[in-house]
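Colleague: Turn this into a model:
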Amino acid sequence: MNKILLTALALSSAISVSFSASAKNLGGGFTGPVDAKASTSVEEAKQLSDDSYVVLRGKIVKSVGHEKYLFEDKSGSIVIEIDDDDWKGLTVGPNDTVEIRGEVDTHWTKPTNIDVDSVSLAK
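Modeller: Numbers count the residues shown, from 1 in each chain. Predicted coordinates:
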């Protein structure tokens, strides 16, 4: 009986360690160059349908409310929404060029904005 119990405990410990090690590998991704054609301009994004995926490159020029910021590129400006946890420790200022990835969010009574999934310094 003790051998069965010890074997079961050893097996459950091994499975636990395996899941723990797998969980630590989550969050990785591609770090190579981004195709410049994959980027969308602010003016193009404003014409896209709701939930369209976009990549924008430009500057976050100011905060306009809780988790809302004014984003600008050469074509214009748009309000973006970045949840506090999506910053992932990154700090940027109005002089920094950033790349944001997210979805177009259209509204009946408000201007279109971008719901940001990730923000990073542009390379």
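Colleague: where does Phe71 fall, phi/psi-wise?
Modeller: phi -110, psi 140 (degrees, to the nearest 10).
Colleague: er, Trp108 actually
Modeller: According to degrees, to the nearest 10, Trp108 has phi -70, psi -40.
Colleague: same thing with Lys59?
Modeller: phi -130, psi 140.
Colleague: ok, now Trp87?
Modeller: phi -70, psi -30.
Colleague: Could you give the number of residues near it?
Modeller: 14 (other C-beta atoms under 10 Å). C-beta coordinates here come from the backbone N, C-alpha and C atoms, glycine included.
Colleague: Same question for the one 10 residues further on.
Modeller: Thr97 sits with 13 neighbouring residues when counted by other C-beta under 10 Å.
Colleague: go on, Asp115?
Modeller: 14.
Colleague: which element follows whichever strand or helix holds Leu70 toward the C-terminus?
Modeller: Per DSSP states H and E, Leu70 falls inside strand 68-73. Next helix or strand after strand 68-73 toward the C-terminus (DSSP H and E): strand 76-82.
Colleague: Show me the contact partners of that following strand.
Modeller: Residues from elsewhere that reach strand 76-82, judged by C-beta atoms under 8 Å, 6 or more residues apart in numbering: 41-43, 45-46, 56, 60-61, 64, 67-71, 100, 102, 105, 111-116, 119.
Colleague: run the last query once more with 10 Å
Modeller: Residues from elsewhere that reach strand 76-82 (C-beta atoms under 10 Å, 6 or more residues apart in numbering): 41-46, 54, 56, 58-61, 63-72, 90, 98, 100, 102, 104-105, 110-119.
Colleague: on that earlier part again, what lines up beside the strand holding Leu70 in the sheet?
Modeller: Using DSSP bridges, the strands paired with strand 68-73 in its sheet are strand 53-65 (antiparallel), strand 76-82 (antiparallel).
Colleague: Skip ahead from the last one and say which helix or strand is next.
Modeller: Scanning the chain past strand 76-82 towards its C-terminal end, the next helix or strand to appear is strand 97-105 (assignment: DSSP H and E).
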